[in-house]
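In: Sequence plus predicted model, see below.
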Amino acid sequence: MIQGKIPEELAISMTMPFNLDKVTKIITAIRRKESLRAIKIMVGAEFF
């Protein structure tokens, strides 16, 4: 959060396959928190 505001969208760029586990953990942590579940998450980059 930035100064108490929850974003509507989050974009994550992943270029290396070995970062997939880290991206998965980030998304899981966001989805576990009730107040953040409505955030739309976009993942992309050369890897995908």
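Out: Arrived safely, thanks for sending.

In: quick one: low-confidence ranges for the chain?
Out: 1-3, 47-48 (pLDDT under 70).

In: what residue is smack in the middle of the chain?
Out: With distances taken as CA atoms, centre = their mean, the residue of the chain nearest its centroid is residue 27 (4.5 Å).

In: Checking it next. Helix, strand or coil?
Out: helix (DSSP: H, G, I helix; E, B strand; the rest coil).

In: tell me how far stretch 24-34 is from the chain's mean position?
Out: Its chain's C-alpha centre and that of stretch 24-34 lie 8 Å apart, by CA atoms, centre = their mean, to the nearest Å.

In: cool, stretch 40-48 as well?
Out: 9 Å.

In: Quick check: buried residues in it?
Out: residue 43 (16 or more other CB atoms under 10 Å). Using the backbone N, CA and C atoms, a C-beta is placed for each residue, glycine as well.

In: could you pull out the strands for this protein?
Out: 9-13, 40-44 (DSSP state E).

In: For these, give me a markdown table that also has distance to residue 31.
Out: Output for those, formatted as a markdown table (distance: least, CB to CB, whole Å):
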| stretch | distance to residue 31 |
| --- | --- |
| strand 9-13 | 11 |
| strand 40-44 | 8 |
